[in-house]
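> Build the 3D model from these lines:
(one chain, ligands or ions: 1)
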Amino acid sequence: MTSEISVRPFGGPCRAGVLTPGSKSLTNRAMVLAALKPRITTLTGVLLSRDTEIMADCLVKLGYSVNVNAEEKSIKIVGRYGGIPNDYAELNVGNAGTAARFIVALAALRMGGEYVFDSDEAMYRRPMAGLLSALKEQGAEFEFLGAENHFPFRMKTWGLKGGEIKVDAGESSQMLSALLMVAPFADEKSKVALSGETVSRPFVDMTLGIMKDFGFSAEPDGNAYDVAHYDAAARRGDALEKPAQYAIEPDATAASYFAMLPALAGGVCELENFAGCKLQGDVAFVSTLEGIGLVKTERVENNLLVFAADNPVFPEKLELDFNDISDTFLTLAAASALLPFKTTITGIAHTRRQETDRIAAMAAELKKVCAEVSETEDSISITPYTRDELAKKIRGEVSISTYEDHRIAMSFAVLGCADLRGDGSPWIKIENPHCTSKTWKEFFEVLGCAKSSSERMRIVGVDGGAAVGKSSVSKECSRILDYMHVDTGSHYRTLTYGLLEGGISDVDTEAVEKHLGGLKIGTELVGNTARMTVCGALVDDAEIRTERINSKVAQVAAMPAVRAFLKSYQRSMADFAKEKGFAGLIMEGRDIGSVIFPNADVLIFLDADEETRAARRAKEGISDSIKKRDEIDKNRKTAPLVMAERAVRIDTSHMTKGEVVAKTVSLIVESK
Ligand code: CDP
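Coordinates of the predicted model:
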């Protein structure tokens, strides 16, 4: 791989569906818990990266049967009910914080074991003292082979006594998590008590949550946690039988990059399986963006659609405490370069001791693209240029250093997706992009796919009966996706208007055909909607939606001559959309799926019960013979209203407009 990558800005709005890899924190916790269960557990949707490989490797060295299936992204583990199979092992935890803390605590459960631990050199300096002291009090013995209370060391184990287990986890909440997970298998029922500073709650809550999923229980009690003993009684409990399969949540921190995209590039991003995430604190990043007014969200089944906000109103400056979602602060910080307000992010002092000094690194890189950047021990403040100023300032591309920190690389890559100059020219270059492989090897590929989707013209057909909401949904979807919109109903209405104005009755076929023969129709683009013109003029929209037209249009539309007249015109709209540079076309009507574009990329059939439809029309203050029109439309010989076989039916009776739009957008995004 090259050691530099130019980020190609999005040519149009984002229209992507993204499934982020499994959460690292959950994958490593689940491996430990599965090893502790008295049964076989298959973990699905796991993250396979260096840190999780280290964890799997350590478990194998301890004697567990661990089967990693890279293709299916699953790990099958034979649990040993708190037992550690091998009484001797030499283990290397690399630079994986979770493996370092969790595996040491796990091995300590063994009665009469001896384990030699080593790690990467970087790990020699990372804090372990709190955990090791707690284990010492519980019966383990240590011989340090380097500095006291650090890797490397030799540990002799005699099981855990249980009772009150005191731990100073101030330096890393992973030490508390490690003890909570093994405590159910101590000799006696345990209470794990914090003796030092309080720790970051989101990760402890994550541990408590996943323990519960696995049938273990630990309840907070002030600064301590009561951990239920996993004895025979617990074993008999029904919790024991599940989960034989356990689905790891997609990584919420990784999702932050794609949640940010619509705010910078416009459009929509569908975060797959994200709506079901309940264990990761970082899911709150999306609601934070929503709170600022940068995006709007809508849930569709298990997915969350994140839309660019429509006409947002922003504060002059913004100050946010990111302590609980600190891994995502880089995502917002990088984006701040293009947000129209000053951003201050606080509560992030501890990130100075992560992959790199993240505050200092972000400040240094942001200075390359912002008017002013300042930092304090625990905060960063970013004053952006206006977009025009920035576009003028930057010649060519700005090179962003990444400090071997995957999050810096991913955050700035998302910033680079914004089309700063409006001509698609790259303006951000990421140095050493391979550093993203720590948690997401395919990140740049996924980002690239989100973009290239606009290259082929896509056609979406939206059919349905009268007053089911086709127009409002089609228009809104076209706006979000920047697709061209065509309302074929308005074509039939326009012709009906012309016939009525000319005093021609629909039963006089000859006169109708003659009238049509003399018509010159064309197209005019009004916003995203392509409207039909007759003899060079647009018929006023209000004129074609009157009671007079409502009562006559279905008869006119049933005439074979009328349908033949409009068919080729409607089909030509695909070329028109392409000519105008649209990436897609959304055409609504009655026969789009059955006659006009049966091979459309997506076919949708909207439906609603009669009451709802009547109520919708009444609300618009229009008298409309919906039922009669539907009857004629369904029973006519040429192109009757039917649901195409490939179409997806959406019953909108009990859905808000936002929900129908989200469902439709989701079908379009997923159809790629
Ligand atoms: O009022 P509503 O939005 O339900 O109807 P519309 O889409 O404006 O269509 C008006 C009338 O045009 C329908 O009742 C149909 O008779 C006819 N139409 C059709 O036959 N085929 C289409 N593709 C679209 C509309």
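> So in the chain, where's the weakest helix or strand by average pLDDT?
helix 232-236 (a mean of 69; mean pLDDT, DSSP states H and E).
> ok, and for the next helix or strand after it, which residues are buried?
The helix or strand immediately downstream of helix 232-236 is strand 245-247, counting by DSSP states H and E. Within strand 245-247, the residues that count as buried by 16 or more other Cβ atoms under 10 Å are 246-247. C-beta: built from backbone N, CA, C; applies to glycine.
> need the next SSE after strand 245-247, C-terminal direction.
Assigned by DSSP H and E, the successor of strand 245-247 is helix 252-265.
> Check which helices and strands that following helix sits against.
In terms of contacts (3 or more Cβ pairs under 8 Å, 6 or more residues apart in numbering; DSSP states H and E), helix 252-265 is packed against strand 14-18, strand 267-271, helix 284-292, strand 295-300, strand 303-308, helix 329-335, helix 406-416, helix 443-452.
> can you rerun that using 7 Å?
Counting contacts by 3 or more Cβ pairs under 7 Å, 6 or more residues apart in numbering; DSSP states H and E, helix 252-265 packs against strand 14-18, strand 267-271, helix 284-292, strand 295-300, strand 303-308, helix 329-335, helix 406-416.
> Need those in TSV (columns: distance to the ligand and mean neighbour count).
Formatted as TSV, the helices and strands packed on helix 252-265 follow (distance: least, Cβ to the nearest ligand atom, whole Å; neighbours: other Cβ atoms under 10 Å):
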stretch	distance to the ligand	mean neighbour count
strand 14-18	25	25
strand 267-271	25	26
helix 284-292	32	19
strand 295-300	23	20
strand 303-308	24	24
helix 329-335	40	27
helix 406-416	39	27
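> Now K429: which helix or strand?
With elements taken from DSSP H and E, the one containing K429 is strand 428-431.
> what's that strand in contact with?
Under the contact criterion Cβ atoms under 7 Å, 6 or more residues apart in numbering, strand 428-431 has outside partners 3-7, 397-402, 409, 412-413, 415-416.
> Paired strands for it, with orientation please.
Sheet pairing here is set by DSSP bridges, and for strand 428-431 it gives strand 4-6 (antiparallel), strand 398-400 (parallel).
> quick one: the first one to chain centroid distance?
Using Cα atoms, centre = their mean, to the nearest Å, the distance from the centre of strand 4-6 to the centre of the chain it belongs to is 24 Å.
> same deal with the last one?
Mean C-alpha position of strand 398-400 versus that of the full chain (Cα atoms, centre = their mean) differs by 27 Å.
> Can you give me the buried ones in that strand?
398, 400.
> mean confidence score for that strand?
Across strand 398-400, pLDDT averages out at 98.
> same check, this time on stretch 325-337
Mean pLDDT, stretch 325-337: 97.
> pretty sure H229 belongs to a helix, no?
No - counting by DSSP: H, G, I helix; E, B strand; the rest coil, H229 is not part of a helix but coil.
> give me the number of residues near the residue nearest to it when sequence neighbours are not counted?
Nearest residue to H229 in three dimensions, chain neighbours excluded: K189, at 4.3 Å (Cβ to Cβ, 6 or more residues apart in numbering). For K189, the count of nearby residues is 15 (other Cβ atoms under 10 Å).
> quick one: K189 and D231 touch, right?
No - using Cβ atoms under 7 Å, K189 makes no contact with D231, being 8.6 Å away.
> What about E171, how many residues nearby?
When neighbours are counted by other Cβ under 10 Å, E171 registers 18.
> er, V46 actually
The local packing of V46 (other Cβ under 10 Å) involves 28 other residues.
> Check what contacts stretch 367-375 and list those residues.
Identification of contacts with stretch 367-375 by Cβ under 7 Å, 6+ apart yields 337, 359-360, 363, 366, 380-385, 390, 398.
> From the residues you listed, list just the buried residues.
337, 359, 363, 366, 380-385, 390, 398.
> Strands - which of those residues land there?
Of these, the ones assigned to strands by DSSP state E are 380-383, 398.
> Could you give the average pLDDT over stretch 73-87?
Averaging pLDDT along stretch 73-87 gives 95.
> Residues contacting that stretch, please?
Residues from elsewhere that reach stretch 73-87 (Cβ under 7 Å, 6+ apart): 22, 31, 34-46, 48, 56, 62-68, 106-107, 109-110, 112-114, 185, 230.
> So which of those residues reach the ligand?
Among the contacts of stretch 73-87, none lies close to the ligand by the criterion of Cβ under 6 Å from any ligand atom.
> Any of the residues you listed buried? List them.
Using 16+ other Cβ under 10 Å as the burial test, the contacts of stretch 73-87 include 22, 31, 34-37, 41-46, 48, 56, 62-64, 66, 68, 106-107, 109-110, 113-114, 185, 230 as buried.
> Among these, name the ones in helices.
Members of the buried ones among the contacts of stretch 73-87 lying in helices (criterion: DSSP state H): 31, 34-36, 56, 106-107.
> Format the residues you listed as CSV; extra columns: pLDDT.
Output for these, formatted as CSV (pLDDT from 0 to 100):
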residue, pLDDT
M31, 98
A34, 96
A35, 96
L36, 95
A56, 98
L106, 98
A107, 98
